[in-house]
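Peer 1: I would like to see how this sequence folds:
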Amino acid sequence: MKFVLSCLEGSGNKKNKKKKSVAATEKKGSQSLQFIAAISASISGIGLGACETWTSPALPYLRSQKSEFSVSVMQGSWIASLFSLGGIFGYLIYPLLLDRIGRKNCLLLFSLPQIAGWVATIFARDYLTLYVSRVISGVGYCASFGPLVIYLGEIADKEIRGVLLFIIKISYDIGILVVVSAGAFLSYHGMNYVMLSLPLLFLFTFLFMPESPYFYLIRGQDKKAVKSLMKLQGFKNSDSVELEIERIKAATLNSRNSEKNSLWKLFNIRRHRAALMIALCADITKVFSGYFAILAYTQMIFGYSGFSLPPEYATIVMVVVKIISGLCASQLIDSLGRRLLVIFSGMFASISLATVGAFFYLQHLEVEFLSSISWMPLLGLTSFEVSCAFGLSSMPFVLLGELFPTDVKGPATACVTGVTEFLLFLVTLGFEVLNQAAGIYTSFWIYSICCFVGSLTLFFIMPETKGRNLEEIQEILEKKKWLSVKPAG
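Peer 2: Numbers count the residues shown, from 1 in each chain. Down below sits the predicted model:
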């Protein structure tokens, strides 16, 4: 009997050793598919940046004599801001589908209104059609933003999660470069055809990407989750992802049992309320820093400065520098940490905005020597964009992907982005109204103050999440003294 038991035990040990040896053999795996999937998914982020900034090159044309129909200053403000109004509806729609059809299918589905919006823009022959197209585009692009953040946060290994989430920021900036370049070198209609190609390119590439293993485990489809994780981590044997699957399954277990209570949990569980407050602070700071309003009216702002470089080319210079600085920042976000980047980003951005405001105030006073420093707005706004790239504009993307567990991530992202889009609608609509009432310098000084106060507040209330997995971050949010928690790694 003892001999039989020892044989069985020996057989079990051999199996365990074999499983460990297989895991050890494939320990490294490959993260290449995670990057490929992130780049493919982020094409929708390129479209978001392009669509949101489309008014920068489009409005000067629509207000010129070359346009097929006339657009007034107020109508232009509505065209710029209605995208955000459509975005509110988009952020309300996608949580209803996120855990039903999956992250991947949500992204594919919402590419359809993006295509419809650009088709309507191409065939628009009056400002009312542009109103409709901007609302439709807002629904499509903003409804895909939440699933994009969630998808990248869930497919990424913790060592590269910050970088992958940062790709959303980079893709957004590339979208801005695409639209301002198309506006500078192509006709108005040529620019719109380029914009239409973006959601089509996304649709044809993302079809072949894997679904998030988190979604499969939420739906109880364990085998599909294992296959998905094996693909994403570059393993050929299921034993290599067994521990990771168990970790994810534990994280998603509560979600499967209480899907209907996710909104209640968001507002009633202490750590979720804390995460919501931090994420809202990051997004609101970004909105009231004037970041989006400046992007929507960049060419017009440069037109006011009287600088010799044409506004469309000045815009391209600013965006190129913005992208380069964003790429540099992506190398720092997982080394320096989130909090340090936020505070330095906010301080320098605030100084840059104050400088631009000072220039336009001197212009208002009709100071004689101003023509010799007409390059100041270009320098100031470029400095502002560079500063934002290192924290202020990128952190909301990162925080949305890191602070919330799977069971509340959908409604949390919808809540944060919905509030943000409403405020963004007001800020964008009111930009030119405020300029005419109190001067453009007043707008920039208000943005500067909001930028300073917001980044300082964010520095003191956000925890350091560098080098920690999603479950460890939840433990940090339970602590009262976040500043005492040192970053991992």
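Peer 1: from now on I want contacts and neighbour counts done on CA atoms only, so please keep to that.
Peer 2: OK.
Peer 1: torsion angles phi and psi at the residue nearest to the spatial centre of the chain?
Peer 2: Among the residues of the chain, the one closest to the centroid is Phe397, at 4.2 Å (C-alpha atoms, centre = their mean). Per-residue torsions, Phe397: phi -60, psi -50 (degrees, to the nearest 10).
Peer 1: any idea how far it is from Leu217?
Peer 2: Here Phe397 is placed at a distance of 24 Å from Leu217 (C-alpha to C-alpha, to the nearest Å).
Peer 1: what of Pro95?
Peer 2: Pro95 sits at a distance of 18 Å from Leu217 (criterion: C-alpha to C-alpha).
Peer 1: same check on Thr298?
Peer 2: Per C-alpha to C-alpha, Thr298 is found 45 Å from Leu217.
Peer 1: which helix of the protein spans the most residues?
Peer 2: Longest among the helix segments of the chain by residue count, using DSSP state H, is helix 406-438.
Peer 1: pLDDT on it, on average?
Peer 2: Averaging pLDDT along helix 406-438 gives 83.
Peer 1: show me what that helix is packed against.
Peer 2: When contacts are defined as 3 or more C-alpha pairs under 8 Å, 6 or more residues apart in numbering; DSSP states H and E, helix 406-438 sits against helix 73-93, helix 95-101, helix 127-155, helix 242-257, helix 262-268, helix 270-288, helix 291-296, helix 440-461.
Peer 1: contacts for the last one?
Peer 2: When contacts are defined by C-alpha atoms under 8 Å, 6 or more residues apart in numbering, helix 440-461 is touched by residues 278, 281-282, 284-286, 288-290, 339-340, 342-343, 345-347, 349-354, 356-361, 392, 431, 434-435, 482-483.
Peer 1: what angle do the next helix or strand after that helix and helix 242-257 make?
Peer 2: Sequence-wise, the next helix or strand downstream of helix 440-461 (DSSP states H and E) is helix 470-478. Helix 470-478 runs at 60 degrees relative to helix 242-257, counting by axes from the mean of the first three to the mean of the last three C-alpha atoms, to 10 degrees.
Peer 1: give me the helices and strands touching helix 470-478, please.
Peer 2: By 3+ C-alpha pairs under 8 Å, 6+ apart, helix 470-478 packs against helix 270-288.
Peer 1: chain center to the helix it packs on: distance?
Peer 2: 14 Å (C-alpha atoms, centre = their mean, to the nearest Å).
Peer 1: same question, stretch 297-312
Peer 2: 27 Å.
Peer 1: and the end-to-end length of it?
Peer 2: 11 Å.
Peer 1: name the SS class of Arg125, please.
Peer 2: Following DSSP: H, G, I helix; E, B strand; the rest coil, we place Arg125 in the coil state.
Peer 1: Glu211 too?
Peer 2: coil.
Peer 1: so the closest residue in space to it that isn't next to it in sequence is in which element?
Peer 2: Distances taken as C-alpha to C-alpha, 6 or more residues apart in numbering put Lys104 closest to Glu211, at 5.6 Å, once the chain neighbours are dropped. Using DSSP H and E, Lys104 maps to helix 103-109.
Peer 1: buried sites along that helix?
Peer 2: The neighbour-count check on helix 103-109 (16 or more other C-alpha atoms under 10 Å) flags Arg103, Lys104, Asn105, Cys106, Leu107, Leu108, Leu109 as buried.
Peer 1: need the contact list for the second one.
Peer 2: Right, Lys104. The contact partners of Lys104, by C-alpha under 8 Å, 6+ apart, come to Pro147, Tyr151, Met209, Pro210, Glu211, Ser212.
Peer 1: can I get these in CSV with neighbour count, pLDDT and distance to Leu332?
Peer 2: Below are the contacts of Lys104 laid out as CSV (neighbours: other C-alpha atoms under 10 Å; pLDDT from 0 to 100; distance: C-alpha to C-alpha, whole Å):
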residue, neighbour count, pLDDT, distance to Leu332
Pro147, 28, 90, 25
Tyr151, 25, 89, 22
Met209, 18, 90, 28
Pro210, 19, 89, 28
Glu211, 23, 90, 29
Ser212, 23, 87, 26
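Peer 1: between those, which is closest to Phe267?
Peer 2: Pro147 (20.8 Å; C-alpha to C-alpha).
Peer 1: from Pro310, how far off is that closest one?
Peer 2: Look at Pro147 and Pro310: by C-alpha to C-alpha, they are 38 Å apart.
Peer 1: next one: Phe404
Peer 2: For Phe404 relative to Pro310 (C-alpha to C-alpha), the value is 44 Å.
Peer 1: SS state for Glu159?
Peer 2: coil.
Peer 1: next one: phi and psi at it?
Peer 2: phi -70, psi -30.
Peer 1: okay, now it: neighbour count?
Peer 2: Under the neighbour criterion other C-alpha atoms under 10 Å, Glu159 is assigned a count of 14.
Peer 1: what's the answer for Leu207, then?
Peer 2: By other C-alpha under 10 Å, 15 other residues sit near Leu207.
Peer 1: how about the nearest residue to it, chain neighbours excluded?
Peer 2: Closest to Leu207 by C-alpha to C-alpha, 6+ apart is Leu108, at 7.5 Å.
Peer 1: list the contacts of the one you found.
Peer 2: Leu108 touches Leu203, Phe206, Leu207, counting by C-alpha under 8 Å, 6+ apart.
Peer 1: what of Gly303?
Peer 2: Per C-alpha under 8 Å, 6+ apart, neighbours of Gly303: Pro310, Pro311.
Peer 1: host element of it?
Peer 2: Going by DSSP H and E, Gly303 is in helix 298-305.
Peer 1: identify each buried residue in that helix, please.
Peer 2: Thr298, Gln299, Met300, Ile301, Phe302, Gly303, Ser305.
Peer 1: now those residues in a markdown table, with pLDDT?
Peer 2: Shown next, in a markdown table, are the buried residues of helix 298-305 (pLDDT from 0 to 100):
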| residue | pLDDT |
| --- | --- |
| Thr298 | 84 |
| Gln299 | 83 |
| Met300 | 81 |
| Ile301 | 85 |
| Phe302 | 84 |
| Gly303 | 79 |
| Ser305 | 75 |
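Peer 1: which of those residues sit farthest apart?
Peer 2: Among those, Thr298 and Ser305 lie farthest apart (C-alpha to C-alpha), at 11.1 Å.
Peer 1: Phe404 and Pro310: who's more crowded?
Peer 2: Neighbour count, other C-alpha under 10 Å: between Phe404 and Pro310, Phe404 has more, with 28 against 13.
Peer 1: Trp118 versus the more buried one, what's the distance?
Peer 2: Distance from Phe404 to Trp118, by C-alpha to C-alpha: 33 Å.
Peer 1: next one: Asp283
Peer 2: Counting by C-alpha to C-alpha, the gap from Asp283 to Trp118 is 27 Å.
Peer 1: repeat that for Val319.
Peer 2: 23 Å.
Peer 1: who touches Gly234 in this structure?
Peer 2: Contacts for Gly234 (C-alpha under 8 Å, 6+ apart) come out as Gly29, Ser30, Gln31, Ser32, Leu33.
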